[in-house]
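[1] Okay, here's the prediction I keep looking at, along with the sequence it came from:
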Amino acid sequence: MGSERSSLDARTNRRRILRAAAAAGVGAVAVGTARAQDDFFPFDAAGEVRRGPTVVDGTVYATTTAPVVHAVDATDASERWRFEADATAVGAPAVADGLLFVGDRDGTVYAVDAAEGETEWHFTAESGVRTSPTIVDGTVYVGTDRRVYAVDAATGDEEWRFDVGVGTSDFLYLRSSPTVSDGTVYVARTDERPRLYALDAEGGESDWDLDLGGRVAWSSPTVADGRVVVGSAERGVYAADAATGDELWHAPVGEGVASSPTIAEGRVFIGNNDGRLSALDAESGDELWRRDLELPVVSSPTVAAGTVHVGSATGTGSLRSFDAASGEPVGSWDLSIGVWSSPTVADGHIYVGDMAGSLHRLVVADGASSEGSRVGLGTLGHHGERRDADRSGRTATKTATATTATSDGVPGFGVGAALTALSGVGYWLRREP
């Protein structure tokens, strides 16, 4: 326990150094038409906030690089409770039916009372949990090094497991979090030859799989209008028929994709390792517009009230907002350090974490909430109501909320070294969550 506390103290000290080193830049200031940060925030978390937050019933839930999950009042930033896992929680938390679900590096999936922070049950997988859990219709779906598990959300009993196979190297594991739509679980395998799988949600059998080319697939899939869209670290963005797995289009958007896409208003929004945010036509894959954000974009975009919000791995304009139709900048916040967390918009506020260990609440359009497929399907953070995109563009209310997230984060070195290391895709291929 002493060594764990020393490690936690060291991480905390490093975050303070990072924050102090970045303080020479601009603080939490809004530029353009966006407005300033809420007076009660930021909340100082126990570690770097690398995953997208989840906002349910007035509470913001967030994981950190310390083995701590925070529950924070969404209005005044007071801490309602904190939960300490046995190891670092790799993904974002999922909240459904009064329970919070999260997995850790030691392979434990926890179900925690969302109101009190007490453990209800835990499930032990054969190896470390690499993804966020997704909860749909009373089942928890989660990925480990080489398997996808389905676990009963009420009891923690295993329902089925699916083995993603033996890869061509030791680099095989799942970082792409499961996305569930219309009775199918979509997940991408990380390997020198990554594949996108479609699994039957009830029994775990493979319906189809698609070769994504390249080397690594960390991007989590999203689904809308009968298409499943996912990024590949060396080959750009793929779209496949959600029912058959037939490739519909491939868009080479630059040097690798770790960001997960969202689909809204007929467009696919996604970031890449070259520091680019792209808007693609969802039907054809044609690039409609692009914006350069200077450094790799690990954060996955969200869309709310016609605006795209995304984080950037730099302290200057580390959260950016663009008009979804034209790509014109409409605002940015300088949070003094990079943002790898994927933003969630709820009730007129953006909730997002940063690499200095702060959880922010930023004011945007009155009443706006995330409405694209990423948050609607619960990928990398969600807000209170679970919604699924359908072919008509309407949303269908579900009985459970859900969330997934890709893993992300900077290893333990200072600001200058971190920004230097981010510059090449080789960094991504070596990085441990």
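    Done, it's in. All figures in this text were calculated on a predicted structure; none of them were measured in a lab.

[2] ok so residue 374 is a strand residue?
    No - Residue 374 sits outside any strand when classified using DSSP: H, G, I helix; E, B strand; the rest coil, being helix.

[3] Could you report the pLDDT at it?
    At residue 374, the model reports a pLDDT of 83.

[4] mind listing what it touches?
    With contact taken as C-beta atoms under 8 Å, 6 or more residues apart in numbering, residue 374 is in contact with 222, 260, 261, 262, 263, 300, 301, 302, 342, 380. All C-beta spots, glycine's among them, are computed from the backbone N, C-alpha and C.

[5] Could you give the number of residues near the closest residue to the third one other than its chain neighbours?
    Leaving out its chain neighbours, the residue that sits closest to residue 261 by C-beta to C-beta, 6 or more residues apart in numbering is residue 270, at 4.2 Å. Taking other C-beta atoms under 10 Å as the neighbour definition, residue 270 ends up with a count of 30.

[6] And residue 76, by the same measure?
    Residue 76, neighbours per other C-beta under 10 Å, totals 12.

[7] State whether it is indeed within a strand.
    No - counting by three-state DSSP, residue 76 is located in no strand; its state is coil.

[8] circling back: including neighbour count, distance to residue 83 and pLDDT, could the contacts of residue 374 go into JSON lines?
    Output for those, formatted as JSON lines (neighbours: other C-beta atoms under 10 Å; distance: C-beta to C-beta, whole Å; pLDDT from 0 to 100):
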{"residue": "222", "neighbour count": "31", "distance to residue 83": "28", "pLDDT": "95"}
{"residue": "260", "neighbour count": "31", "distance to residue 83": "25", "pLDDT": "93"}
{"residue": "261", "neighbour count": "30", "distance to residue 83": "30", "pLDDT": "95"}
{"residue": "262", "neighbour count": "30", "distance to residue 83": "28", "pLDDT": "95"}
{"residue": "263", "neighbour count": "25", "distance to residue 83": "33", "pLDDT": "96"}
{"residue": "300", "neighbour count": "33", "distance to residue 83": "24", "pLDDT": "94"}
{"residue": "301", "neighbour count": "31", "distance to residue 83": "28", "pLDDT": "95"}
{"residue": "302", "neighbour count": "30", "distance to residue 83": "25", "pLDDT": "95"}
{"residue": "342", "neighbour count": "35", "distance to residue 83": "21", "pLDDT": "93"}
{"residue": "380", "neighbour count": "33", "distance to residue 83": "20", "pLDDT": "73"}
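
[9] out of the residues you listed, which are inside strands?
    If you go by DSSP state E, these have 222, 262, 263, 302 in strands.

[10] and the last one, what is it in contact with?
    In this structure, residue 302 makes contact with 262, 308-310, 342-345, 370, 372, 374-375, 381, judged by C-beta under 8 Å, 6+ apart.

[11] Excluding covalently adjacent residues, which one is nearest to it?
    Nearest to residue 302 is residue 370, by C-beta to C-beta, 6+ apart, at 4.5 Å.

[12] from what I can see the residue nearest to residue 261 touches residue 280, true?
    Yes - here residue 270 reaches residue 280: they are 7.3 Å apart, a contact under C-beta atoms under 8 Å.

[13] Near the residue nearest to residue 302, how many other residues are there?
    Neighbour number of residue 370 under other C-beta under 10 Å is 29.

[14] what do you get for residue 116?
    Using other C-beta under 10 Å, residue 116 is surrounded by 12 other residues.

[15] gap between it and residue 132?
    22 Å (C-beta to C-beta, to the nearest Å).

[16] re the thing from before, got any residues that touch both of residue 270 and residue 280?
    Common neighbours of residue 270 and residue 280 (criterion: C-beta under 8 Å, 6+ apart): 237, 253.

[17] show me the contacts for residue 265.
    303, 306, 324, 325.

[18] Tell me the buried residues within these.
    Neighbour counting by 16 or more other C-beta atoms under 10 Å classes 303, 324 among the contacts of residue 265 as buried.

[19] re earlier: now, the most widely separated pair of the contacts of residue 302?
    Using C-beta to C-beta, the two most remote members of the contacts of residue 302 are 308 and 381, lying 15.0 Å apart.

[20] Which one's more surrounded, the two?
    Shown here are residue 308 and residue 381; by other C-beta under 10 Å, residue 381 has more neighbours (34 against 25).

[21] Okay, the more buried one and residue 84: tell me how far apart.
    Here residue 381 is placed at a distance of 21 Å from residue 84 (C-beta to C-beta).

[22] Over to residue 41?
    According to C-beta to C-beta, residue 41 stands 23 Å off from residue 84.

[23] of the two, who's got more company?
    residue 41 (21 against 13).

[24] The more buried one: what secondary structure?
    coil.
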